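Novice: Prediction below, plus the sequence it came from.
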Amino acid sequence: MTVVGLDDTDSRTDGMCTTYVAAQIAARLRRHGRVERLLLIRLNPAVEYKTRGNAALAIHIDCDPGLAFEVARECLESLAIRDDEATNPGLVVADHDPDATPEAVRSFARAALREHLEIEQAAALCEEVGYRHWWLGDGRGRIGALAAVGSWRSDGGPPGAEMLENAWSYEYISYRDADRWGTPRAVDADSVFAAAAAGYPAVWDTVDRGERETVCVPHTPGPILHGIRGDDPDAVETVAHAIESEPVADAELFVTNQGADAHLADGTLETVRDGRAYRVEGVVSSEPETRRGGHVFFTLGPADGEGDHSLECAAFEPTKRFRHRVRSLRVGDHLTVCGEVSRGTLKLEKFAVRDLVDTERVTPTCADCGRTMESAGRDQGYRCRPCGTSADERAEVALERALEVGWYEVPPCARRHVARPLVRGGFDAPTHPER
């Protein structure tokens, strides 16, 4: 078996897609051997140099590694966007079974999901384990390519998601005719919504019903027509075939770590760092505040009430209706928050309500007339002058809450590829999935 890893062939401005390059390589390699699978691996979403999805690809094929290297190199040279200085393709080829990957390469793959790695680290490790590697530009693509090579796990899931069931998922990607690239996509929205409804919940994040958006159809000028994600390979293909659209030039099924939350590490208020994604526990310590642009912010403090560390959390405008959930939080609510930390702020992807404040202390009312009492003076309680009644302290009343205990998430239109939708299960509390 041979493993071909590749990354960084696309451009933020000029399009292309590394999945397409991988599909083309796989098509050519099928003339020489059996392709076992194609892997689509999402790496650390906080990396500065990434394109939108930060995807790296791997092809597992039964053919000569030298031949695989030459075929892949020729494809990369002809298809990668070479005019964009930010595009730096990389290729790594390993001449062993995916399950026989050296532990050093597996560790590199785990780190690529959550940390920041350097080109020199990837190049040195390729040399150490004897992998063929090739690059253009500064060769940054070798980081993702090597991580993709090391990403396969025979024990059920990708690195970083070891504790999750059904960590691997699938995406069936349909591609456009090349002469249509850069033009508006002709996809019938009604057929997408109907297919999504028929495939749910095995197939997820196809549409956003609340925003009436076809999430599976990209807006970039690249070759993808639509990509259907889910837990079952047959189901994602069935949904894709049910969509009415312009002609499909080609299609490929990918095994992927999308929707696994493998990018999240357990963190604390004291230990979180920029450029990484975490699960953090704490208590809401400031009322949610809507700022210019519609972004909603609050501060998370220590769960035990001790210490002075805190973390600003934000639900930005693109998260749409999720912000209503965040605005419903109150000081004292106990949460687990998940998301990337950037410039000291955690960008919320989801949160779990562990415990809700269910009472509040209010100025007492007079039992005789029902009016709100007034202060009787500093430390003298409250009184109702007309009735002559009094109370020593504020009254405690039940608080009606719009939230319940459990997990809440951003809607599909705002979900990162790596984030695990609540509908997939595997969470430690009740869930409130978005569709």
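Specialist: Happy to help now that I have it.

Novice: Okay, buried residues for stretch 224-235 please.
Specialist: Neighbour counts using 16 or more other CB atoms under 10 Å place 224-231, 235 of stretch 224-235 among the buried residues. C-beta: built from backbone N, CA, C; applies to glycine.

Novice: Now, those residues that are in helices?
Specialist: residue 235 (DSSP state H).

Novice: how far away is residue 415 from residue 322?
Specialist: 10 Å (CB to CB, to the nearest Å).

Novice: just the buried residues of stretch 224-235 now: which is nearest residue 18?
Specialist: Residue 18 lies nearest to residue 224 out of the buried residues of stretch 224-235, by CB to CB, at 10.8 Å.

Novice: And that closest one, what's its pLDDT?
Specialist: pLDDT recorded at residue 224 is 95.

Novice: one step back: overlap of the contact sets of residue 415 and residue 322?
Specialist: residue 409 (CB atoms under 8 Å, 6 or more residues apart in numbering).

Novice: how is this protein carved up into domains?
Specialist: 2-149, 169-256, 264-358+400-432, 359-398 (automatic domain parsing).

Novice: Return the set of buried residues in stretch 88-107.
Specialist: Here stretch 88-107 shows 88-94, 96, 98, 101-102, 105-106 as buried, counting by 16+ other CB under 10 Å.

Novice: before we move on, what about stretch 109-129?
Specialist: Buried residues in stretch 109-129, defined by neighbour count with 16+ other CB under 10 Å: 109-115, 117, 119, 122-123, 125-126, 129.

Novice: Then stretch 172-181?
Specialist: So stretch 172-181, judged by 16+ other CB under 10 Å, has buried residues 172-176, 180-181.

Novice: so what's residue 321 up against?
Specialist: Residue 321 makes contacts with 210, 411, 434, as judged by CB under 8 Å, 6+ apart.

Novice: The same query, at a cut-off of 10 Å, please.
Specialist: Residues near residue 321 by CB atoms under 10 Å, 6 or more residues apart in numbering: 208, 210-211, 315, 410-411, 413-414, 434.

Novice: Show me what the helix or strand containing residue 77 is packed against.
Specialist: Following DSSP states H and E, one finds residue 77 within helix 65-79. Helix 65-79 is packed against strand 2-7, helix 18-29, strand 55-62, strand 90-94, strand 132-135, helix 141-149, with contacts defined by 3 or more CB pairs under 10 Å, 6 or more residues apart in numbering; DSSP states H and E.

Novice: what do you get if the cut-off is 8 Å, keeping everything else the same?
Specialist: Secondary-structure packing of helix 65-79 (3 or more CB pairs under 8 Å, 6 or more residues apart in numbering; DSSP states H and E): strand 2-7, helix 18-29, strand 55-62, strand 90-94, strand 132-135.

Novice: what are the pairing partners of the first one, and which direction each?
Specialist: Pointing back at strand 2-7 there. strand 55-62 (antiparallel), strand 90-94 (antiparallel) (DSSP bridges).
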